[in-house]
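A.B. asks: mind looking at a prediction? Sequence and model below.
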Amino acid sequence: MKNAIGVNKLKSTLALLRFEGSDNQRFEVKAAAGGFPESIINTLCAFANTPGGGVLILGVDEKNDFKVVGVFDPKTCQQTLANNAKNGFNVAIELSMSLIEVGDKKVVWAEVFESDKQVKPVKLRGNKRSFIRLYDGDFELSELDEQMFIAARGMSQHDEEAVAGTSRDDLNQQLVESFIQNRKEHSRIIAQMSDDEVLLRTGVVTSSDVLTKAGLFALGKYPQQFFPNYSIKASVRKQPKLSSSVRAMNVQVFDGPIPTMLDEALEWVKSNSDELVLNLPSGHVRTVREYLPVVVRELIGNALIHRAVNSISMTQDVSLIIEDNRLIISNPGGLYGIHVNELGRTGSVTRNSRLADICQYVRSPDGMNIIEKLGSGIPMILAELAALDIPSPRFIDGGIYFTVILASAAAREVAPQIGAGLLSNTELIVRVLKKGPLSKVEIHQFTGLSYGQVKYALAKMMDTKLVTKIGKDKSPDTKYVLTEG
């Protein structure tokens, strides 16, 4: 029975990798049929440095459509892997290994656990090189990357640090007035304070009348005078269908305080994307931007507020890229106090609590909130996208960087033409299940259907015996497979 569970786990994972066409951030596949692959040591290091760790699958040939080929010697393979994990690095790496039998072939499944942040970055014992897992590969850390790991070991209160050489004269008076008014409206205690005391008590200034980083970034006239890289660098990596005058905006740096950068970045995304006419499941037609403004505002706002602001990270900017029908937003500093799988499911945890608190009461030049109530952003994003059947964003926590990949609204049109019509939801699901057992979440990701559509369609398919369920009811790990016959 245990091996059967392992086989199902392996099959569903390989189905995912076949669909994606390569390894991904979570899984690395090696054939290991002729011996122990030397590159595995880099992957061990990368998984140990990456939030959530990762899984090594030995005995599967990626170049042959992820065919199970079996490892060269199961016992020797596991012993070599364990020895490398224990002795190959500056600290021991924790592993959990199991052997999965597929016919007469044996596959080693090795889960590599993330190392404690106090010992990161993990380095190879011999050459002192260090790696991290991004997308589908192992990338060597630069000296700056290593310093960012070290800086992340301590408690994060960097947004409360005083900025030498600043004073209240460096504050944007219009933003300050709006902030103080909104802050007083939301607290009877603060409403009784003088304006100067409000700025002190809310962490905008210190007792020496020097601005904090939080105060400077949210309410400053020009924060880049003191921190040149507290900015957004935006670019388009495609040939836009826009006028020549708009193309000149494709590569741009946005500066100023957070409210100004946010508004200008939103306008840039709008200028470099199209309007789409969507046919909704209800039968109605709706015209929307390629990237929903309410979603983009939240994601860029999060990148500016939750980015790392320690001395090392302040040499890095927030990146905004449009390419291949997707918007990529990346900021220095990985997730803080939360795992990527918990986004939208648990309360908010923020690296820069003072900055986040100030920005809740700051309005951008267009009168919009910078952020809403903490913890509400991700659920709102998922709900807005699901309402239009647009795929959910992909969140990637690289430990020292955090990246969000947002699909264009055009990505919802995933069904290929068949004659004069489109594939139905059932036909789409049948198509992806031909690759192997999948969970509801995986089917949602593969088809572009909303989670609700997948749930409804699977229930009907179960009733008609078209699919069979593997696993317990209501478990997120439950898989669905096409019924034979």
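C.D. replies: Structure's in. What do you need? Residues are numbered from 1 along each chain as shown.
A.B. asks: who does Ser98 form a beta bridge with?
C.D. replies: Beta bridges link Ser98 to Trp109 when assigned by DSSP bridges.
A.B. asks: just checking, it touches Leu81?
C.D. replies: No - judged on C-beta atoms under 8 Å, Ser98 makes no contact with Leu81 at a distance of 11.9 Å. Backbone N, C-alpha and C define where each C-beta goes, glycine included.
A.B. asks: out of those two, which sits in the more crowded spot?
C.D. replies: Taking other C-beta atoms under 10 Å, Ser98 and Leu81 do not tie; Leu81 has more neighbours (23 against 15).
A.B. asks: gap between Pro228 and Phe402?
C.D. replies: The spacing between Pro228 and Phe402, counted by C-beta to C-beta, to the nearest Å, is 21 Å.
A.B. asks: and for Arg363?
C.D. replies: Remark: distance between Arg363 and Phe402 (C-beta to C-beta) = 25 Å.
A.B. asks: same question, Val198
C.D. replies: 32 Å.
A.B. asks: what's the answer for Ala92, then?
C.D. replies: From Ala92 to Phe402 the distance is 27 Å (C-beta to C-beta).
A.B. asks: those two: who's more crowded?
C.D. replies: Between Ala92 and Phe402, Phe402 has the larger neighbour count (other C-beta under 10 Å), namely 24 against 14.
A.B. asks: partner residues bridging the residue nearest in space to the middle of the chain?
C.D. replies: For the chain, the residue nearest the mean C-alpha position is Phe395 (1.8 Å; C-alpha atoms, centre = their mean). Residues in a beta bridge with Phe395, per DSSP bridges, are Val404.
A.B. asks: pretty sure it sits against Val404.
C.D. replies: Yes - counting by C-beta under 8 Å, Val404 is a contact partner of Phe395 at 5.8 Å.
A.B. asks: hmm, back to that, tell me the contacts of the residue nearest to the centre of the chain?
C.D. replies: Val340, Leu343, Phe402, Thr403, Val404 (C-beta atoms under 8 Å, 6 or more residues apart in numbering).
A.B. asks: packing partners of the helix or strand Trp268 falls within?
C.D. replies: In this assignment (DSSP states H and E), Trp268 forms part of helix 258-271. Other elements packing on helix 258-271 under the criterion 3 or more C-beta pairs under 8 Å, 6 or more residues apart in numbering; DSSP states H and E are helix 213-219, strand 232-236, strand 252-254, helix 293-306, strand 318-323.
A.B. asks: ok, and which of those has the densest surroundings?
C.D. replies: When the helices and strands packed on helix 258-271 are scored by mean count of other C-beta atoms under 10 Å, the highest mean neighbour count falls to helix 213-219 (a mean of 28).
A.B. asks: now for that one, which elements pack on it?
C.D. replies: Using 3+ C-beta pairs under 8 Å, 6+ apart, helix 213-219 sits against helix 173-185, helix 258-271, helix 353-359.
A.B. asks: in whatever helix or strand comes next after the first one, what's buried?
C.D. replies: Scanning forward in sequence from helix 173-185, with DSSP H and E defining helices and strands, the next element found is helix 188-191. Neighbour counts using 16 or more other C-beta atoms under 10 Å place Ile190 of helix 188-191 among the buried residues.
A.B. asks: same question for stretch 13-31.
C.D. replies: So, applying 16+ other C-beta under 10 Å, buried residues of stretch 13-31: 13-17, 23-31.
A.B. asks: kindly check the end-to-end length of it for me.
C.D. replies: Taking C-alpha to C-alpha, to the nearest Å, stretch 13-31 runs 15 Å from one end to the other.
A.B. asks: what average pLDDT does that stretch get?
C.D. replies: Stretch 13-31 shows a mean pLDDT of 83.
A.B. asks: give me the residues contacting it.
C.D. replies: Residues outside stretch 13-31 that contact it (C-beta under 8 Å, 6+ apart): 37, 39-40, 43, 47, 50, 52, 54-63, 65-66, 68-69, 133-138, 396, 432, 435-438, 442, 446.
A.B. asks: His156 contacts Arg354, correct?
C.D. replies: For the record, residue 156 is Ser, not His. No - with contact defined as C-beta under 8 Å, Ser156 does not count as touching Arg354 (10.2 Å).
A.B. asks: more neighbours, the two?
C.D. replies: Arg354 (21 against 18).
A.B. asks: residues contacting the more buried one?
C.D. replies: Counted by C-beta under 8 Å, 6+ apart, Arg354 has contacts Gln157, Asp159, Glu160, Gly203, Thr212, Ala214.
A.B. asks: following element in sequence after the longest helix anywhere in the chain, please.
C.D. replies: In the chain, with assignment by DSSP state H, the single longest helix is helix 2-20. Moving toward the C-terminus from helix 2-20, the first helix or strand encountered (DSSP H and E) is strand 27-30.
A.B. asks: how far out from the middle of the chain is that following strand?
C.D. replies: 21 Å (C-alpha atoms, centre = their mean, to the nearest Å).
A.B. asks: kindly report the same for stretch 36-55.
C.D. replies: On C-alpha atoms, centre = their mean, the centre of stretch 36-55 falls 19 Å from that of its chain.
A.B. asks: roughly how far does Asp104 sit from Gly70?
C.D. replies: Applying C-beta to C-beta to Asp104 and Gly70 gives a distance of 8 Å.
A.B. asks: now the helices for the stretch 351-485 of the chain?
C.D. replies: Using DSSP state H, counting those that start in this stretch, the helices of the stretch 351-485 of the chain run over residues 353-359, 377-387, 425-433, 440-447, 451-463.
A.B. asks: deepest in the core, which of the ones you listed is it.
C.D. replies: By mean count of other C-beta under 10 Å, the helices of the stretch 351-485 of the chain have helix 353-359 as the most buried, with a mean of 22.
A.B. asks: surely Ile41 touches Asn84?
C.D. replies: Yes - if you go by C-beta under 8 Å, Ile41 and Asn84 touch, sitting 5.5 Å apart.
A.B. asks: so which of those two has more stuff around it?
C.D. replies: Higher neighbour count among Ile41 and Asn84: Ile41, with 22 against 19, using other C-beta under 10 Å.
A.B. asks: look up phi and psi at that one.
C.D. replies: As for Ile41, its main-chain torsions (degrees, to the nearest 10) stand at phi -60, psi -30.
A.B. asks: state the distance from Val102 to Ile470.
C.D. replies: From Val102 to Ile470 the distance is 16 Å (C-beta to C-beta).
A.B. asks: ignore the last one, Gln118
C.D. replies: Taking C-beta to C-beta, one finds Gln118 at 40 Å from Ile470.
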